[in-house]
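Engineer: sequence first, then the predicted structure, then my questions.
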Amino acid sequence: MARAILAEFASPEALAAAIRRLRGDAHARLEAYVPYPAPEVEEALDRPRSRLPLVVFAAGATAAVLAYGLQWLLVAHLYPIDVGGRPPHFPLAFVIITFEMTILFASLTAVAGVLVLGRLVRLTDEVQGTDGFESATGDRFWLEVSPRDAGLDEPATRATLAELGALRVVGAGETGGAP
Amino acid sequence: MTRDPLLVGQPTDAALADTLLGTTWRARGWGWGVAFAISGGLTALLAVCVTYTVTTGVGVWGNMIPVAWAFGIINFVWWIGIGHAGTFISAILYLFEQRWRTSINRFAEGMTLFAVMQAALFPLLHLGRPWFAYWLFPYPSQMEVWPQVKSALPWDAAAVSTYFTVSLLFWYLGLLPDLASLRDHAPTRRRRILYGLFALGWNGKASTWRHYRAAYLLLAGLATPLVVSVHSIVSSDFAIGLTPGWHSTIFPPFFVAGAIFSGFAMVLTLIIPTRAVFGLQHIITERHLDGCAKLTLVTGLVVFYGYLVEFFLAWYSGSPFELSQFFGARPFGPSAFVFWTMLACNVLVPQLFWSRRARRSVWLLFAASLLINVGMWSERFVIIVLSLQREFLPSMWAAYAPTWVDLGILSGTIGFFSLLFLLFLRFLPFVSVAEMKELRHELAGEGNHG
């Protein structure tokens, strides 16, 4: 089975240049691993915007409706009490908890969304344990060419990456190899 | 006018990471032992006082009729107010793209979380029977009695629990890249495994960053209204009551300004010793202290305006009860010295910050921030105790005094807060390393460090 090729770069600019070059060479499945989101890398990868905001909006709106509905059910319908002459269904007093629940569930959804859409909370992944890969959370910028990339031809791709200034080129999961 | 740098020198990413992540593994001197011992001792005092309160009843506090709220609610409002600066820095300054936020946001968010924890203790204990606290939340109960959402207290429960949860999420989401960095760079295997578990498999993939950034921006947007809503809701506990001194529409904005004011004071109180102990003067620079001092001044002026309006409204209302509250009880009644302390600390002290030299003098800032903390605690004492001591009927007037349990719980929460904060400083990177690298990259791209 083919494996991904990983290349380490010293700067986000070098990584971005490499991404642009490989994309020009019809490499379609590229991924970057970076210690911080550098704008040039995002530009070079040219990914669509995250859909997460839509999901968060839907969750917030649902929470608002449910919170208002619950308050109506409890206070106006199931157990109406006259407090200071306010009517049983008193929207002004219901606004606050509705607002708080909107924020609460929207925020929970935003974080859960990162975990689900960002594919986190996994015990292992294909790049784990690759030689030197821990620098991806330090000060190096990594490029991954997926094994499903149509343009992947291991020796040729390796040569291109080295030519582009990669500090090292390794196969995903490869350990013990010389840089 | 040239501006001071946000980052002194030109540290590399590796140097930044080493300095900021290294705080979690480098050995520290004996001072830490002393600090842990003091805060641990006070935490033990808290445990003793809480146990005594719960097993005996709230009668061991100084609370009585008419001053039924007293320390429990003063401390609650004080602590939750302190929490506000964290959210202000992490959410509002993020939306306004204020770069000086980067070095201090993680720190301030930690402060928020620990302050809200202290705050949450008080309403629970004040219930008298804290084991029934879950009655505040709607759950299918065979008693068929539900929380009354037309009262301000369930609003509080919703606001405070939402505030805590959202602050925790914001803080944890921000920590993920740094936890992963610790997993990859901490010196011992045990640490790597532990941080690795909390890093949730973060590997810096660009497609994860894409969702992460969207979520971070959304959380900032969602937390922003929380900054203004939480203390507005807390203030409605007072404002919807009829007690002279409470029944005022100025309360929500007045409380929010006071909260941010006290929060920035607490940020200064904590950050000045921390940057000295860890030698981070090049990362948390004079410019950061200057920014905090300016915001303290601005919010302090809003608080001062709030005081003026309170007095004006009391006079303008023509109500004898309001007049006697503001022009009799507060300046001259029992415990009037707390009122004068409040004015001195909250009105006079922040005026120092008009001076650029004062804003950059570490000792002066530290002393001023302590005084403002005292002043804001006094403000809550004035609002709660001085108002309740002098309600409508002179036959109900009384003078309040706290008991040793009240004082023990207050100092105990200060100790518990410090203990949590010290643990945070020792075990987690308290300056966001990923964001600092990003900032460094941006600054380098602009060819300057301002």
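Structural biologist: Nice, thanks for sending it over.
Engineer: show me which positions of stretch B:360-369 end up buried.
Structural biologist: For stretch B:360-369, burial by neighbour count (16 or more other CB atoms under 10 Å in any protein chain shown) applies to B:Arg360, B:Ser361, B:Leu364, B:Leu365, B:Phe366, B:Ala368, B:Ser369. Quick note: C-beta positions are derived from backbone N, CA and C, even for glycine.
Engineer: output the helix or strand hosting the fourth one in CSV with nothing but the alpha carbons.
Structural biologist: The reference is to B:Leu365. Per DSSP states H and E, B:Leu365 falls inside helix B:362-381. Output of helix B:362-381 as CSV, limited to C-alpha atoms (Å, rounded to 0.1, in the frame of the first residue of the first chain):
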residue,chain,number,x,y,z
VAL,B,362,5.7,48.5,38.1
TRP,B,363,5.5,49.1,41.9
LEU,B,364,3.0,51.9,41.6
LEU,B,365,0.8,49.9,39.3
PHE,B,366,0.9,46.9,41.6
ALA,B,367,0.0,49.0,44.7
ALA,B,368,-2.8,50.8,42.8
SER,B,369,-4.2,47.5,41.5
LEU,B,370,-4.3,46.1,45.1
LEU,B,371,-6.1,49.3,46.3
ILE,B,372,-8.6,49.0,43.4
ASN,B,373,-9.3,45.4,44.4
VAL,B,374,-10.1,46.6,47.9
GLY,B,375,-12.1,49.5,46.5
MET,B,376,-14.3,47.2,44.4
TRP,B,377,-14.9,44.9,47.3
SER,B,378,-15.9,47.9,49.3
GLU,B,379,-18.3,49.0,46.6
ARG,B,380,-20.2,45.7,46.8
PHE,B,381,-20.2,46.0,50.6
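Engineer: list the contacts for A:Ile81?
Structural biologist: A:Val75, A:Pro88, B:Gln148 (CB atoms under 8 Å, 6 or more residues apart in numbering or on different chains).
Engineer: helix, strand or coil for it?
Structural biologist: Per DSSP: H, G, I helix; E, B strand; the rest coil, the local secondary structure of A:Ile81 is coil.
Engineer: show me the helices in chain A, by range?
Structural biologist: Ranges of helices in chain A, per DSSP state H, are A:12-24, A:39-45, A:52-71, A:91-117, A:154-163.
Engineer: now tabulate those in JSON lines and tack on mean neighbour count.
Structural biologist: What follows is the helices of chain A, written out as JSON lines (neighbours: other CB atoms under 10 Å in any protein chain shown):
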{"stretch": "helix A:12-24", "mean neighbour count": "19"}
{"stretch": "helix A:39-45", "mean neighbour count": "18"}
{"stretch": "helix A:52-71", "mean neighbour count": "18"}
{"stretch": "helix A:91-117", "mean neighbour count": "21"}
{"stretch": "helix A:154-163", "mean neighbour count": "15"}
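Engineer: out of those, which gets nearest to B:Tyr307?
Structural biologist: Closest to B:Tyr307 of these is helix A:91-117 (CB to CB; 26.4 Å).
Engineer: rounded mean pLDDT for the closest one, please.
Structural biologist: Helix A:91-117 shows a mean pLDDT of 95.
Engineer: now stretch B:59-77
Structural biologist: Stretch B:59-77 carries an average pLDDT of 94.
Engineer: give the buried residues for stretch B:308-323.
Structural biologist: Under the neighbour-count criterion of 16+ other CB under 10 Å, stretch B:308-323 has B:Val309, B:Glu310, B:Leu313, B:Ala314, B:Phe321, B:Glu322 buried.
Engineer: hmm, the second one is touching B:Thr249, no?
Structural biologist: Meaning B:Glu310. No: between B:Glu310 and B:Thr249 there is no contact under CB atoms under 8 Å: 10.9 Å.
Engineer: angle of the helix or strand encompassing B:Ala314 against helix B:362-381?
Structural biologist: Assigned by DSSP H and E, B:Ala314 belongs to helix B:286-317. Helix B:286-317 and helix B:362-381 are oriented at 30 degrees to each other (axes from the mean of the first three to the mean of the last three CA atoms, to 10 degrees).
Engineer: for chain A, identify the residue most remote from the centre.
Structural biologist: Farthest-out residue of chain A from its mean C-alpha position, per CA atoms, centre = their mean: A:Gly85, at 50.8 Å.
Engineer: now do the phi/psi pair for that one.
Structural biologist: Main-chain dihedrals, A:Gly85, degrees, to the nearest 10: phi 80, psi 10.
Engineer: ok, A:His27 - contacts?
Structural biologist: A:His27 touches A:Val145, A:Asp149, A:Ala150, A:Gly151, A:Leu152, A:Thr157, counting by CB under 8 Å, 6+ apart.
Engineer: skipping adjacent residues, who's closest to the residue nearest in space to the middle of chain A in space?
Structural biologist: Closest to where the C-alpha atoms of chain A average out (CA atoms, centre = their mean) is A:Gly118, at 3.5 Å. Computed as CB to CB, 6 or more residues apart in numbering or on different chains, the closest residue to A:Gly118 that is not its neighbour in sequence is B:Thr208, at 3.6 Å.
Engineer: ok, that neighbour - how many residues close by?
Structural biologist: Counted with other CB atoms under 10 Å in any protein chain shown, residues neighbouring B:Thr208 total 23.
Engineer: could you check how far B:Cys292 is from chain A?
Structural biologist: Distance of B:Cys292 to chain A, computed by CB to the nearest CB, to the nearest Å: 25 Å.
Engineer: residue boundaries of the helices in the stretch 301-450 of chain B?
Structural biologist: Assigned by DSSP state H, counting those that start in this stretch, the stretch 301-450 of chain B shows helices spanning B:320-324, B:330-332, B:336-343, B:356-360, B:362-381, B:387-389, B:404-427, B:433-445.
Engineer: which of those helices sits most buried?
Structural biologist: helix B:387-389 (a mean of 23; mean count of other CB atoms under 10 Å in any protein chain shown).
Engineer: quick one: mean pLDDT over that one.
Structural biologist: For helix B:387-389, mean pLDDT is 94.
Engineer: how about stretch B:228-236?
Structural biologist: On average, stretch B:228-236 scores 91.
Engineer: report the residue ranges of every domain in chain A.
Structural biologist: Here chain A is described, according to automatic domain parsing, as comprising the domains A:5-49+A:125-171, A:52-117.
Engineer: what residue in the stretch 251-400 of chain B comes nearest to chain A?
Structural biologist: Nearest to chain A in the stretch 251-400 of chain B, going by CB to the nearest CB, is B:Pro252, at a distance of 11.5 Å.
Engineer: list the contacts of A:Gly113.
Structural biologist: Contact partners of A:Gly113, counting by CB under 8 Å, 6+ apart, are A:Leu52, A:Val55, A:Val56, B:His211, B:Ala215.
Engineer: let me fix that: B:Val227
Structural biologist: B:His84, B:Thr87, B:Phe88, B:Ala91, B:Ile92, B:Val256, B:Ile260.
Engineer: how many neighbours does the fourth one have?
Structural biologist: What it means is B:Ala91. Per other CB under 10 Å, the neighbour tally for B:Ala91 reads 25.
Engineer: check the gap between it and B:Thr165 for me.
Structural biologist: For B:Ala91, the distance to B:Thr165 equals 14 Å [CB to CB, to the nearest Å].
Engineer: what of B:Ser387?
Structural biologist: To B:Thr165, B:Ser387 is 32 Å away according to CB to CB.
Engineer: could the helices of the stretch 301-450 of chain B go into CSV alongside distance to chain A?
Structural biologist: Shown next, in CSV, are these (distance: least, CB to the nearest CB, whole Å):
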stretch, distance to chain A
helix B:320-324, 20
helix B:330-332, 28
helix B:336-343, 29
helix B:356-360, 30
helix B:362-381, 22
helix B:387-389, 20
helix B:404-427, 18
helix B:433-445, 4
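Engineer: right, so of those, which gets closest to A:Leu66?
Structural biologist: A:Leu66 sits nearest to helix B:404-427 of all the helices of the stretch 301-450 of chain B, at 33.7 Å, using CB to CB.
Engineer: quick check: pLDDT value at the closest residue to B:Phe238 other than its chain neighbours.
Structural biologist: Leaving out its chain neighbours, the residue that sits closest to B:Phe238 by CB to CB, 6+ apart is B:Trp246, at 4.1 Å. For B:Trp246, the pLDDT comes out at 92.
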